[in-house]
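Undergrad: Mind folding the following:
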Amino acid sequence: FHFHQNAHITLGGGVILDQFVADFSDLDIIDPNDPAFSNGINVFSLDAALGVKYFLKRFKLGFSVNNLFETKRNNSVQSSNYNKLPREFRLITQYDFTIDSSLHLEPLLVYKILPESKIQQLDLSLLATYKKAFTLGMSYRSNADLSIIAGIQYKRFYFLYSHELNTSGLASFLGSNNEV
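TA: I've put the predicted structure just below:
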C-alpha cells in the first residue's frame, strides 16, 4: 500500500517447515534399554508467519510473528508428551546509508521476544552492498553469536550465506553454524 511516492507498507506471510533431528548414537547411555534413547529423532512441524514493514525513503520499520499456531510436536517416539513451537515476535529497523552510487551501508537492529520463556534477544548487524550485487557484513547476537555474512544478488534473487560462531560459554559444545 502506497501512502506517498516515498512511503509504503508491505504485508507478508509464510509457511514454516521446522525439522528437529536428534542422533543419540554417540552418547554413552547409562541404561541402554531406555526407550527415550533407543532411536534417533527426525520430526517435521508445519506452522506460519506474518509480518508488516513500513518504508519511508531509506528507513524501514517492521514487525513479524513466527509460529502463529504454536504447532504441537512429539520429539520422542516413545512419549505421548508434546512440545509446541513457541510464538516469536520481532521488531526490525534498518536504514540505508548511501555512500556513493556504488556503495550502501545498512545497519539493522532486530529485537526478538519469546513471551512464553521470557527470552529477549537483540541482533545488531551491518551490511555493505557494492553495486547492488555483492554484500558483506557482520552480525552480533546479544550474549551468544558473531556472524560473518556474504551474499550476491542476481536479477531479482538474493542469496546470502552466514557463518555463525557461538561466543557463549557453550561454544565448545555448540560449535558453529552455517546458513544459506
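Undergrad: thinking residue 117 is in contact with residue 84, fair?
TA: No: counting by C-beta atoms under 8 Å, residue 117 stays clear of residue 84, with 11.5 Å between them. Bear in mind the C-beta positions are built from the backbone N, C-alpha and C, glycine included.
Undergrad: Between the two, point out the one with more neighbours.
TA: Counted by other C-beta atoms under 10 Å, residue 117 and residue 84 do not tie: residue 84 has more neighbours, with 14 against 8.
Undergrad: Check the contact between that one and residue 68; I expect there is one.
TA: No: if you go by C-beta under 8 Å, residue 84 and residue 68 don't touch, sitting 11.7 Å apart.
Undergrad: which stretches of this protein aren't confidently modelled?
TA: Scanning the chain for pLDDT under 70 picks out the ranges 1-2, 35-40, 74-82, 168-176.
Undergrad: how would you label the residue of it most remote from its centre: helix, strand or coil?
TA: Of all residues in the chain, residue 33 has its C-alpha farthest from the mean position, at 37.1 Å, by C-alpha atoms, centre = their mean. Three-state call for residue 33 (DSSP: H, G, I helix; E, B strand; the rest coil): coil.
Undergrad: Can you tell me how far it is from residue 150?
TA: 48 Å (C-beta to C-beta, to the nearest Å).
Undergrad: how many neighbours does the closest residue to residue 43 other than its chain neighbours have?
TA: With C-beta to C-beta, 6 or more residues apart in numbering as the criterion, residue 43 has its nearest non-adjacent residue at 4.7 Å, and that residue is residue 20. Look at residue 20: counted by other C-beta under 10 Å, it has 14 neighbours.
Undergrad: Tell me which other helices or strands the helix or strand where residue 20 lies touches.
TA: Element membership of residue 20 [criterion: DSSP states H and E] is strand 7-22. Secondary structure elements in contact with strand 7-22, counted by 3 or more C-beta pairs under 8 Å, 6 or more residues apart in numbering; DSSP states H and E, are strand 41-56.
Undergrad: How far away from the center of its chain is the strand it packs on?
TA: Centre-to-centre, strand 41-56 and its host chain are 10 Å apart (C-alpha atoms, centre = their mean, to the nearest Å).
Undergrad: Just the buried residues of it, please?
TA: Using 16 or more other C-beta atoms under 10 Å as the test for burial, strand 41-56 gives 45, 47, 49, 51, 53-55.
Undergrad: Mind putting the residues you listed into CSV with distance to residue 144?
TA: Shown next, in CSV, are the buried residues of strand 41-56 (distance: C-beta to C-beta, whole Å):
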residue, distance to residue 144
45, 23
47, 23
49, 22
51, 23
53, 25
54, 28
55, 30
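Undergrad: Before I go, just wanted to say thanks for your time.
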